[in-house]
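Novice: please work out how this folds:
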Amino acid sequence: MSGFVEKPEPVQVPGLIHLHTGKVRDLYRDGDGNLVMVASDRISAYDWVLPTEIPDKGRVLTQLSLWWFDQLADLVPNHVIGTDAPAGAPADWAGRTLVCRNLDMVPVECVARGYLTGSGLAEYEQTRTVCGLALPEGLVDGSELPAPIFTPAAKAEVGEHDENVSYEEVARTVGAETAALLRQTTLAVYGRGRDVARERGILLADTKFEFGFAGEELVIADEVLTPDSSRFWPADEWQPGRAQPSYDKQFVRDWLTSPDSGWDRRSETPPPALPQQIVDATRAKYVEAYERLTGQSWA
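Specialist: Here you go, the predicted structure:
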């Protein structure tokens, strides 16, 4: 069993209908039929949404996504209509709210990988493939791939793993034309993100996107190129053959699996609250990622 250690009650706002509470985001519909997406400070690890929040995390994710949407505007349109919190919303919603177009979402996590790690590495070690794509011999944790690859996944519910699937399975699910468009757009967006990040001393190891359709137009949605949806590595510390330092929640994962936490991840027991030093270190990494990528100071 996994999921929320303590599932929060949705905030009730006049004129909004609560639709869903996700790992990080709460989703509402407004009176005009638009979606209102609010990024909380929740953090998840090992399929659990933890009881401790990371201050400012939701704002960092939202503001970084907005910055990236601008960088990607010539490649793919995005779902954002506005950023003002609705009337009557809590003051805390400022800076973490997106008002979005209501899209026909594609039921596929569109993952691009430029480096081998994570679930891709685990599959490679067994079969020398990732999502059915053959890769060269001799790759190790952190190896750069000969070229970026599209490795889609089936989107899972809160508390469950996304499951890697083949391109052929995506084509069967959404049709050959849409599958080809998803692959093409995913790799184009990854390529732009990789190049921008590299200029700032960061390697974009892998990332995942969500897309939907507005009529016939493919639109990128949710968050994009954030530390929650991507692996960002400091370029000057990259060393294949080991786990890489990263701008994400690795501090949280490491503490949870350390003797200090007292938690057995193989058990059905929910993970404990995070100590303050882990909260502070994790927040600092998210802020550092924002500042290094955008070149802007976090207020």
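
Novice: show the contacting residues for the most centrally placed residue in the chain.
Specialist: For the chain, S229 is the residue whose C-alpha lies nearest the centre (CA atoms, centre = their mean; 1.7 Å). Contact analysis of S229 by CB atoms under 8 Å, 6 or more residues apart in numbering lists T207, K208, F209, D222, E223. In short, each C-beta sits where N, CA and C put it, glycine included.

Novice: partners of the biggest strand by length in the chain, with directions?
Specialist: Ranked by residue count, the top strand of the chain under DSSP state E comes out as strand 202-214. Looking at strand 202-214 with DSSP bridges, its partner strands are strand 104-105 (antiparallel), strand 110-115 (antiparallel), strand 217-221 (antiparallel), strand 230-234 (antiparallel).

Novice: where does pLDDT dip in the protein?
Specialist: 1-2, 156-162 (pLDDT under 70).

Novice: quick one: the helices in it?
Specialist: Shown for the chain, the helices assigned by DSSP state H span residues 57-71, 118-127, 167-174, 176-199, 250-256, 276-294.

Novice: winner for burial among the ones you listed?
Specialist: Here the criterion is mean neighbour count by mean count of other CB atoms under 10 Å, and of these the winner is helix 57-71, at a mean of 21.

Novice: just the CA atoms of it, as CSV, please.
Specialist: Output in CSV follows, covering the C-alpha atoms of helix 57-71 (Å, rounded to 0.1, in the frame of the first residue of the first chain):
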residue,chain,number,x,y,z
LYS,A,57,8.3,24.2,-3.7
GLY,A,58,5.0,24.7,-5.5
ARG,A,59,5.9,28.3,-6.4
VAL,A,60,9.3,27.2,-7.7
LEU,A,61,7.7,24.5,-9.9
THR,A,62,5.1,27.0,-11.2
GLN,A,63,7.4,29.9,-12.0
LEU,A,64,10.0,27.6,-13.6
SER,A,65,7.4,26.0,-15.8
LEU,A,66,6.2,29.5,-16.9
TRP,A,67,9.8,30.4,-17.7
TRP,A,68,10.2,27.2,-19.8
PHE,A,69,6.9,27.7,-21.6
ASP,A,70,8.3,31.0,-22.9
GLN,A,71,11.5,29.2,-24.0
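
Novice: if you count contacts, what does that helix end up packed against?
Specialist: strand 35-39, strand 97-100, helix 176-199, helix 276-294 (3 or more CB pairs under 8 Å, 6 or more residues apart in numbering; DSSP states H and E).

Novice: if we go to 10 Å?
Specialist: The helices and strands touching helix 57-71, judged by 3 or more CB pairs under 10 Å, 6 or more residues apart in numbering; DSSP states H and E, are strand 25-29, strand 35-39, strand 80-82, strand 97-100, helix 176-199, strand 217-221, helix 276-294.

Novice: what about that helix, distance to the chain center?
Specialist: A distance of 12 Å separates the centroid of the chain from that of helix 57-71, by CA atoms, centre = their mean, to the nearest Å.

Novice: got the buried residues for stretch 254-271?
Specialist: Buried positions in stretch 254-271, judged by neighbour count with 16 or more other CB atoms under 10 Å: W255, L256, S261, W263, P270, P271.

Novice: so of the contacts of S229, which two are at opposite extremes in space?
Specialist: Greatest spatial distance in the contacts of S229: T207 and D222, 11.9 Å, computed using CB to CB.

Novice: any idea which residue of this structure is furthest from its center?
Specialist: Residue farthest from the centre of the chain, counting by CA atoms, centre = their mean, is P14 at 29.5 Å.

Novice: skipping adjacent residues, who's closest to it in space?
Specialist: Among residues not flanking P14 along the chain, G88 sits closest, at 4.6 Å (CB to CB, 6 or more residues apart in numbering).

Novice: do you know how far the one you found is from G120?
Specialist: Noted for G88: a distance of 44 Å to G120, by CB to CB, to the nearest Å.

Novice: what of A89?
Specialist: Taken as CB to CB, the span from A89 to G120 is 39 Å.

Novice: surely T62 meets V99?
Specialist: No: assessed by CB atoms under 10 Å, T62 is found out of contact with V99, at 11.7 Å.

Novice: intersection of neighbour lists for the two?
Specialist: By the contact definition CB atoms under 10 Å, 6 or more residues apart in numbering, T62 and V99 are jointly contacted by M37, V80, T83.

Novice: just checking, the first one touches V80?
Specialist: What that stands for is M37. Yes: counting by CB under 10 Å, M37 touches V80, with 9.2 Å between them.

Novice: neighbour count winner among these two?
Specialist: More crowded of M37 and V80, by other CB atoms under 10 Å: M37, with 25 against 18.

Novice: list the contacts for that one?
Specialist: Per CB under 10 Å, 6+ apart, neighbours of M37: 19-20, 22, 24-28, 62, 65, 79-80, 96-100, 221-223.
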